[in-house]
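>>> need a 3D model of the sequence below.
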Amino acid sequence: MLAQDLNALLPMLVLAGTALVVLGVDWFLPEGESRILGGLSMLGLALAGGLVWRGWGAVGSGVGAFGRGVSVPGGPPAVFLVQVDKLGLFVAGILVLAALLVLLLGVDYLRRWPGLARVEYFVLLLVATAAMMLLAVANDLVLVFLAIETFSIALYVLSGFLRGHRFSQEAAFKYFVLGAFSAGFLLYGIALVYAATGTTNLTLIAWVLEGEIHALPPLLFVGFGLMLVGLGFKVAMAPFHQWTPDVYEGAPTTVTAFMAAGTKAAAFAALIRILWSGFGPVAPAWAPLLASLALLTMVVGNLAALVQVDLKRMLAFSAVAHAGYLLVAVVAGGPAGDGAALFYLLAYALMNLGAFGVLMAIGPVGPEGRDATNLADLKGLARRHPGLALALAIFLLSLTGLPPMIGFLGKWYIFQAAVGSGYTWLAVAVMVNSVVSAFYYLRPIVLMTMAEAEPDLPAITVPTASAMAIAVSALLVVTALILGQPLVSAAQASALAGPRLLSADEAAPAGTLFMGVPDAMNVRVQAKATRAAAATPTP
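This is a model prediction of the structure:
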């Protein structure tokens, strides 16, 4: 049984093992030697990606891990702490892709910032990726909290990795303080949900809520609200998004790129699972609230992005707006909503990583050698380096949602899911906000093509690895309508499915507790079964 459980976590274990190998190899390398460490990290990520690919094709409706069964009349025969299904593996694939692209795009960036070219950078990146993958398959609220805190701690450190730079230190401090507050909300919410239901397992929470739908304690909804605050921080949902622009601006650009793609993918996977697998029976209570927050998030993100002159801050508020689009898909739910959200997470990762990759490839600007993150730094880029200008234009137009880009396809499926689930007004809001976003996405393109560059600027030399990563991302983005159908089909096939339950023959004897499920749950389960049996008329 333990071997099967560990096999379900094999991609995460590979990344954790790679982190240890990288840490050990560093002892035998000269200081500042990052190429070998980066190569080992990419090798581990490639191996983990291969395992994810193999698992996605073989997992079926889902394989549970770290679970125990209990025979209770009317109850689920088994539940699991980890639910390895197509949804979790699809998101794991996005995370592996994001980490690989960040390492490829950051080859030259690490040379410019020697403070980043340290073993801790690669180890923390691998650990964060593994924790995000665990979050995507977590089926228990306690495990959700542990996974979130694990990758958050890694990102706190990575955000402040440039110790000699004030903005990096400020970003890390703000991220840590606000992250600690959000963790408190999340943990307190989990405690209240446990007090109301007697369990932290999502399968059992859904079963309890379904059986007591007309007698739910107010404590449950208070706990749910606090959890939504904590998760809203991670997905950059308004009004819990205030950390995003400062952290995106101050963190090293490689770290910002990884946060933008990885954190959003993992957090939305957890949000989908918690809302629909755990709290699905009370969806009529939370869906209107989440729909309103989706609208607020779209509007706040787009309006704030309109006035930004720093590209990283603009992309940060853009990330807030895109969180709003994704929340629309989450509210829609079902195979259409889940599939739209998953495909859009993949599209967003490609678009965002590509855009940040171009900013890193432009190279240092100004006498202080800072990153090219100001709008003025893009002046005349079409003449200085037409390839980079074309790639950045592709990514920005795709973020706007113009056809035939992958961003258009993603928003189209979100639009369809919203209309199909009765949220036509949200679908219209997505369209209107996309039009608004065009104003700030087109501004950099105008500067690249119409404005004159500063005189005597150095030539831009793009490393081969970065050029390949940017080119592949741009190709996938621009050919979405032609080549994107397999990705759409995979995303739709990865919609949240019910957990695989043990059969009656596999279930453990009565009274056996689930791993991680405390005695209070057993008492509540037995009490519920007793009430159900008493209510059943005797023939």
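
>>> so how far is whichever strand or helix holds residue 469 from its chain's centroid?
Take DSSP states H and E as the rule and residue 469 turns out to sit in helix 464-478. The chain centroid and the centroid of helix 464-478 are separated by 21 Å under C-alpha atoms, centre = their mean, to the nearest Å.

>>> for it, buried residues please.
By neighbour count, and taking 16 or more other C-beta atoms under 10 Å as the criterion, the buried residues in helix 464-478 are 465-467, 469-470, 473-474, 476-478. In this view, the C-beta of every residue, glycine as well, is placed from N, C-alpha and C.

>>> which one of those is nearest residue 304?
Within the buried residues of helix 464-478, distances to residue 304 taken as C-beta to C-beta reach their minimum at residue 477, with 24.6 Å.

>>> just checking, the closest one touches residue 408?
No. Contact criterion C-beta atoms under 8 Å: residue 477 and residue 408 do not qualify, at 10.1 Å.

>>> which residues are common contacts for those two?
Taking C-beta atoms under 8 Å, 6 or more residues apart in numbering as the contact criterion, the residues that touch both residue 477 and residue 408 are residue 398.

>>> packing partners of the helix or strand hosting residue 185?
Mapping residue 185 onto the secondary structure by DSSP H and E places it in helix 166-197. Using 3 or more C-beta pairs under 8 Å, 6 or more residues apart in numbering; DSSP states H and E as the contact criterion, the elements in contact with helix 166-197 are helix 141-159, helix 202-211, helix 218-235, helix 243-250.

>>> pull the CA atoms of stretch 278-297 into PDB?
Listed next in PDB are the C-alpha coordinates belonging to stretch 278-297 (Å, rounded to 0.1, in the frame of the first residue of the first chain):
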ATOM      1  CA  GLY A 278     -15.800  19.700  -1.200                       C
ATOM      2  CA  PHE A 279     -18.400  22.500  -1.100                       C
ATOM      3  CA  GLY A 280     -20.300  21.600  -4.300                       C
ATOM      4  CA  PRO A 281     -23.500  20.800  -2.300                       C
ATOM      5  CA  VAL A 282     -23.700  24.400  -1.100                       C
ATOM      6  CA  ALA A 283     -22.700  26.000  -4.500                       C
ATOM      7  CA  PRO A 284     -26.000  28.000  -4.600                       C
ATOM      8  CA  ALA A 285     -24.800  29.900  -1.500                       C
ATOM      9  CA  TRP A 286     -21.200  30.800  -2.700                       C
ATOM     10  CA  ALA A 287     -21.600  31.000  -6.500                       C
ATOM     11  CA  PRO A 288     -23.200  34.500  -6.500                       C
ATOM     12  CA  LEU A 289     -20.500  35.800  -4.100                       C
ATOM     13  CA  LEU A 290     -17.700  34.400  -6.300                       C
ATOM     14  CA  ALA A 291     -19.400  35.700  -9.500                       C
ATOM     15  CA  SER A 292     -19.400  39.200  -7.900                       C
ATOM     16  CA  LEU A 293     -15.800  38.900  -6.900                       C
ATOM     17  CA  ALA A 294     -14.900  37.800 -10.500                       C
ATOM     18  CA  LEU A 295     -16.500  40.900 -11.800                       C
ATOM     19  CA  LEU A 296     -14.700  43.100  -9.200                       C
ATOM     20  CA  THR A 297     -11.400  41.400  -9.900                       C
END
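
>>> which ones are touching residue 145?
With the criterion set at C-beta under 8 Å, 6+ apart, residue 145 makes contact with 183, 186-187, 190.

>>> switch the cut-off to 6 Å
Residue 145 makes contact with residue 187, according to C-beta atoms under 6 Å, 6 or more residues apart in numbering.

>>> that one and residue 193: what is the separation?
As defined by C-beta to C-beta, to the nearest Å, residue 145 lies at a distance of 12 Å from residue 193.

>>> on that earlier part again, got the helices and strands packed on helix 166-197 as a markdown table, with distance to residue 493 columns?
As requested, the helices and strands packed on helix 166-197 are arranged in a markdown table below (distance: least, C-beta to C-beta, whole Å):
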| stretch | distance to residue 493 |
| --- | --- |
| helix 141-159 | 24 |
| helix 202-211 | 21 |
| helix 218-235 | 23 |
| helix 243-250 | 32 |
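
>>> low-confidence stretches in the stretch 51-200 of the chain?
Along the stretch 51-200 of the chain, segments meeting pLDDT under 70 span 60-78, 114-117.

>>> ok, now with 90
Flagging of the stretch 51-200 of the chain using pLDDT under 90 yields the residue ranges 54-85, 104-121, 160-171, 198-199.

>>> all helices for the stretch 1-150 of the chain, in order.
2-8, 10-25, 35-58, 86-105, 107-112, 119-137, 141-159 (DSSP state H, counting those that start in this stretch).

>>> any buried residues in the fifth one, and which?
Within helix 107-112, the residues scored as buried using 16+ other C-beta under 10 Å are 107-110.

>>> with stretch 161-170 instead?
Applying a neighbour-count criterion of 16+ other C-beta under 10 Å, one finds 161-162, 165, 168-170 buried in stretch 161-170.

>>> from one end of it to the other, what's the distance?
According to C-alpha to C-alpha, to the nearest Å, stretch 161-170 extends 11 Å from its N-terminal end residue to its C-terminal end residue.

>>> got a list of contacts for stretch 149-157?
With C-beta under 6 Å, 6+ apart as the contact definition, stretch 149-157 has outside contacts at 124, 127-128, 131-132, 172, 175-176, 179.

>>> mind checking pLDDT for residue 525?
Looking at residue 525, its pLDDT is 43.

>>> ugh, typo on my part, it should be residue 466
87.

>>> and the gap between it and residue 105?
Residue 466 sits at a distance of 5 Å from residue 105 (criterion: C-beta to C-beta).

>>> can you tell me the SS state at residue 199?
coil (DSSP: H, G, I helix; E, B strand; the rest coil).

>>> quick one: neighbours of it, just the number.
Residues within reach of residue 199, counting by other C-beta atoms under 10 Å, total 26.

>>> could you do the one 3 residues further on as well?
Number of residues near residue 202 (other C-beta under 10 Å) recorded here: 27.

>>> quick one: average pLDDT of stretch 258-269?
Mean predicted confidence for stretch 258-269 is 94.

>>> now do it: everything it contacts.
Residues from elsewhere that reach stretch 258-269, judged by C-beta under 6 Å, 6+ apart: 91, 94-95, 98, 102, 132, 135-136, 234-235, 319, 326, 345, 349, 352-353.

>>> between these, which is closest to residue 445?
Of all these, residue 352 has the smallest distance to residue 445: 16.5 Å, by C-beta to C-beta.

>>> ok, and the closest non-adjacent residue to residue 282?
When the adjacent residues along the chain are set aside, residue 282 lies closest to residue 209, with 5.7 Å between them (C-beta to C-beta, 6 or more residues apart in numbering).

>>> save the buried residues of stretch 161-170 as TSV, and put in distance to residue 284 too.
Putting those into TSV (distance: C-beta to C-beta, whole Å) gives the following:
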residue	distance to residue 284
161	45
162	48
165	49
168	45
169	46
170	43
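
>>> farthest pair in those residues?
Among the buried residues of stretch 161-170, the pair separated by the greatest distance (C-beta to C-beta) is 161 and 170, at 13.1 Å.

>>> let's check: the centremost residue of the chain is which one?
With distances taken as C-alpha atoms, centre = their mean, the chain has residue 265 as the residue nearest its mean C-alpha position (1.8 Å).

>>> what about it, which SS state?
With three-state DSSP as the basis, the three-state label of residue 265 is helix.

>>> re earlier: so which bits of the helix holding residue 185 are buried?
Going by neighbour count (16+ other C-beta under 10 Å), the buried part of helix 166-197 is 168-176, 178-179, 182-183, 185-190, 192-194, 196-197.

>>> for stretch 216-225, same thing?
Neighbour counts using 16+ other C-beta under 10 Å place 216, 220-224 of stretch 216-225 among the buried residues.

>>> next one: stretch 271-286 to chain centre, how far?
Relative to the centre of its chain, stretch 271-286 is centred 18 Å away, using C-alpha atoms, centre = their mean.

>>> swap in stretch 256-274?
Computed by C-alpha atoms, centre = their mean, the chain-centroid distance of stretch 256-274 equals 1 Å.

>>> endpoints of stretch 234-242, how far apart?
Terminal residues of stretch 234-242 lie 11 Å apart, using C-alpha to C-alpha.
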